[in-house]
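> Take a look and give me a structure for this.
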Amino acid sequence: MLDLTTEFGERVNKRLLEEDIIWFTTVSSRGIPASNPVWFLWDGETIIVFSEPKSHRVRNIKNNPNVALHLQGVDGLGNNVVIFKGQASLTFNNRNIPTDYWNKYAKFLEKMTPDEMIAAYNVEIRVNLLKVRGE
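The predicted model follows:
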């Protein structure tokens, strides 16, 4: 889906590895889009997000796995846009936070242990990217 051998693909890959926030959009059962900033991990193929089991995001994905995501580095003229469409899958009672994820966000998690993180955010959301657009 994302051709990492192109100039655009290389730029997107770099941003996915370096940026802290991605905007994650789900659709409610009433058809209303809901966007929220989330922490994420790009593993080279999918985007991984961890969520609380009772979040609206999880409930929305149960009803409709189609999601959109976008990076937030857009400037005032609309340059640097990257938008993804994908399908999300849920893994409940997850007991593993990847080391790369923990290392990426350790600077924000000084007061939370890995066990506390896993206890609170134990739903893994894995997004298979279907389409990307941007500049």
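> any idea where the strands of the protein begin and end?
Per DSSP state E, the chain carries strands over the ranges 22-27, 33-38, 41-42, 46-51, 66-71, 82-91, 123-134.
> Check what contacts the worst-scoring helix or strand of the chain on mean pLDDT and list those residues.
Scoring the helices and strands of the chain by mean pLDDT, DSSP states H and E places helix 114-120 at the bottom, with a mean of 89. For helix 114-120, the external contacting residues (CB atoms under 8 Å, 6 or more residues apart in numbering) are 50, 52, 94-97, 102, 109. Glycine gets a C-beta too; all of them are placed from N, C-alpha and C.
> What's the local residue count around Leu90?
A count of nearby residues for Leu90, using other CB atoms under 10 Å, gives 16.
> residue contacts, it?
Counting by CB under 8 Å, 6+ apart, Leu90 touches 58, 61-62, 123-125.
> which ones are touching Ile97?
The neighbours of Ile97, taking CB under 8 Å, 6+ apart as the test, are 50, 114, 117-118, 121.
> out of the residues you listed, who's nearest Ser89?
Nearest to Ser89 among these is Phe50, at 13.5 Å by CB to CB.
> So what does the nearest residue to the closest one once chain neighbours are set aside have for phi and psi?
Nearest-residue entry for Phe50: Tyr121, 4.0 Å, with adjacent residues in sequence omitted and distances by CB to CB, 6 or more residues apart in numbering. Main-chain torsions, Tyr121, degrees, to the nearest 10: phi -110, psi 70.
> gap between Tyr121 and Arg59?
In this structure, Tyr121 and Arg59 are 15 Å apart, going by CB to CB, to the nearest Å.
> and the residue lying closest to Asn80 once chain neighbours are set aside, what is it in contact with?
With CB to CB, 6+ apart as the criterion, Asn80 has its nearest non-adjacent residue at 4.9 Å, and that residue is Gly73. Residues in contact with Gly73 (CB under 8 Å, 6+ apart) are 15, 19, 80, 82.
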